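Participant: structure here, sequence nowhere to be found:
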């Protein structure tokens, strides 16, 4: 290849600029903290009796269609979250499956819905801000008028929560929005108001965190008071404390979530992924913002390219 | 090698009709998709929300359409005017590749009637990598048509338009935009987090995707030159291709050093030998990168049209597999989710490829794209 030395050096210098721009320096983005007014709920698997009242309440509050997984659609029994089901109770079973909240020969329930992340992947991913995090409550909401249906939110969600209406010609993304249409009326999320045992407990996340920590200090087998519906409802239910695994799911996972969970069996058994403390959104955004430096870098590169192209045209004439 | 000239000849040939039939079958499935929803023709699901329409038509398709970008880098940034005859055919393939990737996005997104929301400032999310990809690709499609416009003007007026300052600006933009979005096509999958195998998930994805895209660009130029010299019965431009092909082993060394350096630094290389589908696909992907490196390292092979074509085939398949691995095969949303493209879904992709070939055949016959030949045609 015959390249004039001088030209090669110039070209290489140009590529050096490109490479410098393309070299992530991994500047640490400031970690997103929980909003002071963050709302969520605490799901305590050991208090859950698997009655699915929360699922009924969720369908009513959000006008969702029934879903049956049987051949004869007599019962409503969705197997998992779907475009028709925003909230689901699932069961873990092992061995004889006789003992509640035991890993061997036992069973345990788990409730799945949007975790309302502190630094949500879906909000970072969405090109048109259809996924938004409420600046006061931190609830992650969806706006169909903005959504283009690209489904990047589904790729980006570590919990596989957003669902897409595959069988519709005019589809939408569907996900739990913590009943944000009820909150301004002074009501709480329907899953929590329908829960008879306090397994789903609504409230400000920081108060729920304190409650979760209180429960982890409890002595298994002894009776304690557990609030029902919402943490400030005043309704109390006295119950034997179970033996909790020493983890509050949602305290740290992917930068933390506003929904917190307690359980008697390891969360991996309940189908919850083991996640790093740093959110993928902050990893991706810090790389991207480092590369682009507020669009200044691309403009500098463009100017450099303009010089090179101009020069090569001059040489040709 | 003289000025670019139309190839001429009949448009309705056997291959033309073949690709036309495929395109028409695809249009049938397309009608179904728009009437009954994406689920009616595809196997995409909530675990695998992106299928071959994104992975092949957009991610692989635009990488294969990097010929114009890579040649522009060589000709304008490294100032190698001798490769200029290869620029226009490469630009044409890029123009179609990108335009059809844009069409594919329109087919793939669920709420296509709101696609203009990406341009509305009150909706745009500047933290979104996909927004950057969308805006860059949209802008680049426009730039490619502008860059190619002299071919239209020459065929209409018969005169060669003088390259003006405005076109120089667009050529520069035509180098910047692919640099941005080809790397961002890698960054996109950083958000997939734990769902993407550590063999592909890496903070270095943008760099790896960019190097691969530039390599794909030169590979495709060699592939297309060889193929169109065969298809249109023209003498092969082997001497210029031999020189050009030296770039590929250099880029491949850089690619492999970054790729394996990154895997070693993250301590994940062991996964390659786990014997499962992901591990084996990783090995195949890298064999398809190493083979052409070995072949093209020899000057003798670079002068052989057969060896050039063979290496180009290996490398195109390797680049394709790298992207399929990153977007589909290495992606595991959890137990119970499976994906394999449905027939209708596949045919829409085949139709896109066929439409691209059809347009390329018409354009080179009617417009001055390929370098003219010295002797008069029979």
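Facilitator: Done, it's in. What you are looking at is a predicted structure, and each value in this text was computed from that prediction instead of being measured.

Participant: the chain - how does it break down into domains?
Facilitator: Using chain A. Split into domains by automatic domain parsing, chain A comes to A:39-276, A:279-312.

Participant: that's the other chain; I wanted chain B
Facilitator: Following automatic domain parsing, one finds the domains of chain B at B:10-43+B:341-363, B:44-333.

Participant: what about the helices in the chain?
Facilitator: Went with chain A since none was named. In chain A, the segments counted as helices under DSSP state H are A:5-21, A:53-62, A:121-125, A:152-156, A:190-194, A:205-216, A:280-292, A:296-316.

Participant: you answered for a different chain; I wanted chain B.
Facilitator: B:14-36, B:52, B:61-64, B:67-72, B:84-108, B:129-157, B:165-187, B:205-231, B:238-244, B:247-265, B:277-296, B:299-302, B:305-324, B:343-366.

Participant: can I get the ones you listed in TSV including mean pLDDT?
Facilitator: What follows is these, written out as TSV (pLDDT from 0 to 100):
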stretch	mean pLDDT
helix B:14-36	94
helix B:52	96
helix B:61-64	94
helix B:67-72	90
helix B:84-108	90
helix B:129-157	85
helix B:165-187	88
helix B:205-231	89
helix B:238-244	83
helix B:247-265	95
helix B:277-296	96
helix B:299-302	89
helix B:305-324	94
helix B:343-366	91
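
Participant: turn these into a markdown table, columns for distance to residue A:168.
Facilitator: (C-beta placed from N, C-alpha, C; glycine too.) Formatted as a markdown table, these follow (distance: least, C-beta to C-beta, whole Å):
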| stretch | distance to residue A:168 |
| --- | --- |
| helix B:14-36 | 9 |
| helix B:52 | 21 |
| helix B:61-64 | 27 |
| helix B:67-72 | 38 |
| helix B:84-108 | 15 |
| helix B:129-157 | 22 |
| helix B:165-187 | 28 |
| helix B:205-231 | 33 |
| helix B:238-244 | 49 |
| helix B:247-265 | 41 |
| helix B:277-296 | 33 |
| helix B:299-302 | 54 |
| helix B:305-324 | 28 |
| helix B:343-366 | 17 |
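
Participant: now those helices as TSV including mean neighbour count and distance to chain A?
Facilitator: Converted to TSV, these look like this (neighbours: other C-beta atoms under 10 Å in any protein chain shown; distance: least, C-beta to the nearest C-beta, whole Å):
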stretch	mean neighbour count	distance to chain A
helix B:14-36	15	6
helix B:52	26	14
helix B:61-64	26	16
helix B:67-72	27	8
helix B:84-108	22	8
helix B:129-157	19	4
helix B:165-187	22	4
helix B:205-231	23	6
helix B:238-244	18	5
helix B:247-265	17	8
helix B:277-296	18	13
helix B:299-302	14	10
helix B:305-324	21	15
helix B:343-366	20	12
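
Participant: quick revisit: now the helices of chain A in a markdown table, with distance to residue B:358 and mean neighbour count?
Facilitator: Below are those laid out as a markdown table (distance: least, C-beta to C-beta, whole Å; neighbours: other C-beta atoms under 10 Å in any protein chain shown):
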| stretch | distance to residue B:358 | mean neighbour count |
| --- | --- | --- |
| helix A:5-21 | 35 | 14 |
| helix A:53-62 | 48 | 19 |
| helix A:121-125 | 35 | 27 |
| helix A:152-156 | 31 | 28 |
| helix A:190-194 | 54 | 24 |
| helix A:205-216 | 57 | 18 |
| helix A:280-292 | 37 | 21 |
| helix A:296-316 | 32 | 17 |
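
Participant: for chain A, which residue gets nearest to chain B?
Facilitator: residue A:149 (2.5 Å; C-beta to the nearest C-beta).
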